[in-house]
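> predicted model, plus sequence, below.
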Amino acid sequence: MSKKNKVTVIKDPNCLNCGYPFTRGEKFCPECGQHNRGKKITLSVFLRELFAGFFSLDTKFWRTLIPLLINPGKVSKDYIEGRRIRYTNPFRFYLATTIIFFLILGAINSYDHFEKLRNGNPNSSFLNINVENKKETQLNISQLHDLIFGEIKLNQKKLDSLNPNKKDSITELGSVENHINNSVFYNFLKFEEENPTLSTESALDSLKIEKNFSNRFLYSKVKLVNSYVRNDDERNKFNKQLFSYISISLFVLLPLFTLFLAFIYIRRKYTYVEHLVFVFHVQTVFFLLASIFYIIGFINKSSNNLPPIFSTLFLLYLFIAMKKFYGQSFFKTLIKYFIVNTVFISLMFIGIVVVWAITFALY
């Protein structure tokens, strides 16, 4: 009985956040919603507030995540129609999801690296190439060059034998190979491969080549190529930097892609930002699914069919989301679906090439 009649102690006479005067022992400020629990932050209060947002079903995080995954297009439609209080801001949610994805990716790569150190990794000095389903072979740059041109010549001879009237293409292929072999870049590659400990300056002196900016830059990139081929750690470092640049480039790519989406749906009378809300939600689902499949692949390393399952699920999700959000017929949505995917893949390919070139130049 004494518990029921217990009087709530007012921690402060006014809300510490907005200054609203408390009069009846309010637990929460009726003006801004802040908890009336005083200035002191105890460990229990700190931990409760830290995890409350993730484990409470009433929070915006879960009220955004669950319908976003199981009901394509609904969250975006609700958000642009004004029903926003229940959902997390699309950009904030996308940002949090991408951070989680890259953290998972980094953790898995770090674990794999630790396992290689623990168990030993005798194949880390070269690239491993599987030729015609034979046992993996360790190759350096020169061997890789010989393998590629050897395979091309072999296949070209087979094609030429089927068409004896055609001009012999092996001679043309040989001229291409000679051009590559005589190029400065390839000569640098072979020299650095044979003398990996020489500095750039010493190497240029040995080759009797002028020490200017272009030659120094080219030789430094040759050292990178050879170290990428022969050193597993160097590959991991380069790939990490590449992924970090890709994550940044998405913030440029998505707004550009949204411009195209707004153009093909110009008759729907949506604003640019409303299209952007849809794009952020779709990309959020992409990273959520990718995170889930990375974790599954990490747990079950023998599973080889995860990429096609992931691609099928995401493409199906995208089609349903486009149909629900833009409210067009099946066939109109299908046509625009193929156009949108073609443009997005093209933009992604161009973006990856540009980002790879930037990473290679700045590494």
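That came through fine. Residues are numbered from 1 along each chain as shown.

> going forward, measure contacts between C-alpha atoms and count neighbours the same way
Will do.

> neighbours of the residue nearest to residue 84 when sequence neighbours are not counted, how many?
With C-alpha to C-alpha, 6 or more residues apart in numbering as the criterion, residue 84 has its nearest non-adjacent residue at 6.9 Å, and that residue is residue 78. Neighbourhood size, residue 78 [other C-alpha atoms under 10 Å]: 14.

> same deal with residue 233?
Count around residue 233 with other C-alpha under 10 Å applied: 14.

> can you check residue 216 too?
17.

> part of a helix, is it?
Yes: with DSSP: H, G, I helix; E, B strand; the rest coil as the criterion, residue 216 is part of a helix.

> check contacts around it.
200-201, 204 (C-alpha atoms under 8 Å, 6 or more residues apart in numbering).

> just the buried residues from those, in ChimeraX please.
Applied in ChimeraX, the following selects the buried portion of these according to 16 or more other C-alpha atoms under 10 Å:
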select :200,204
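
> turn the contacts of residue 216 into CSV, including distance to residue 214.
Output for the contacts of residue 216, formatted as CSV (distance: C-alpha to C-alpha, whole Å):
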residue, distance to residue 214
200, 12
201, 13
204, 12
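
> among the contacts of residue 216, which one sits closest to residue 188?
residue 204 (9.1 Å; C-alpha to C-alpha).

> which residue, other than its chain neighbours, is closest to that closest one?
Spatially, and ignoring its direct neighbours in sequence, residue 204 is nearest to residue 211 (6.5 Å; C-alpha to C-alpha, 6+ apart).

> tell me how far the one you found lies from residue 68.
Separation of residue 211 from residue 68 (C-alpha to C-alpha, to the nearest Å): 58 Å.

> more neighbours, those two?
residue 68 (20 against 15).

> the more buried one is in what secondary structure piece?
Applying DSSP states H and E as the criterion places residue 68 in helix 60-70.

> again with residue 18
Using DSSP H and E, no helix or strand contains residue 18.

> residue 98 too?
Applying DSSP H and E, one finds residue 98 within helix 90-119.

> show the average pLDDT along that helix.
For helix 90-119, mean pLDDT is 81.

> stretch 248-262 too?
86.

> residues in contact with that stretch?
Contacts for stretch 248-262 (C-alpha under 8 Å, 6+ apart): 270-272, 275-276, 279-280, 340, 344, 347-348, 351, 355.

> likewise for stretch 269-287?
Counting by C-alpha under 8 Å, 6+ apart, 68-69, 73, 76, 80, 90-91, 93-94, 97-98, 101, 254-255, 258-259, 261-262, 314, 318, 321, 325 sit against stretch 269-287.

> now with 6 Å, please.
Contact partners of stretch 269-287, identified using C-alpha atoms under 6 Å, 6 or more residues apart in numbering, comprise 76, 94, 258.

> how close does residue 26 get to residue 19?
Distance from residue 26 to residue 19, by C-alpha to C-alpha: 13 Å.

> tell me which of the two has more neighbours.
Neighbour totals were compared for residue 26 and residue 19, and residue 26 leads with 16 against 12 (other C-alpha under 10 Å).

> where does that one fall, helix, sheet strand or coil?
Per three-state DSSP, residue 26 ends up coil.

> Serialize the contacts of stretch 248-262 to JSON lines and add fields for secondary structure.
Listed next are those as JSON lines, based on three-state DSSP:
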{"residue": "270", "secondary structure": "coil"}
{"residue": "271", "secondary structure": "coil"}
{"residue": "272", "secondary structure": "helix"}
{"residue": "275", "secondary structure": "helix"}
{"residue": "276", "secondary structure": "helix"}
{"residue": "279", "secondary structure": "helix"}
{"residue": "280", "secondary structure": "helix"}
{"residue": "340", "secondary structure": "helix"}
{"residue": "344", "secondary structure": "helix"}
{"residue": "347", "secondary structure": "helix"}
{"residue": "348", "secondary structure": "helix"}
{"residue": "351", "secondary structure": "helix"}
{"residue": "355", "secondary structure": "helix"}
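
> ok, those residues vs residue 235, which is closest?
residue 355 (16.2 Å).

> ok, how many other residues are close to the closest one?
19.

> next one: it from residue 75, what distance?
32 Å.

> now, which of the contacts of stretch 269-287 sits nearest residue 297?
For the contacts of stretch 269-287, the nearest to residue 297 is residue 94 (22.8 Å; C-alpha to C-alpha).

> burial count for the residue nearest to the closest one when sequence neighbours are not counted?
Spatially, and ignoring its direct neighbours in sequence, residue 94 is nearest to residue 284 (5.0 Å; C-alpha to C-alpha, 6+ apart). By other C-alpha under 10 Å, 23 other residues sit near residue 284.

> how close does residue 284 get to residue 268?
Look at residue 284 and residue 268: by C-alpha to C-alpha, they are 23 Å apart.

> residue 110 now?
46 Å.

> now name the helix or strand holding the nearest residue to residue 67 once chain neighbours are set aside.
Using C-alpha to C-alpha, 6+ apart and skipping residues adjacent in sequence, the residue nearest residue 67 is residue 75, 6.7 Å away. Using DSSP H and E, residue 75 maps to helix 74-80.

> buried set for that helix?
Going by neighbour count (16+ other C-alpha under 10 Å), the buried part of helix 74-80 is 74-77, 79-80.
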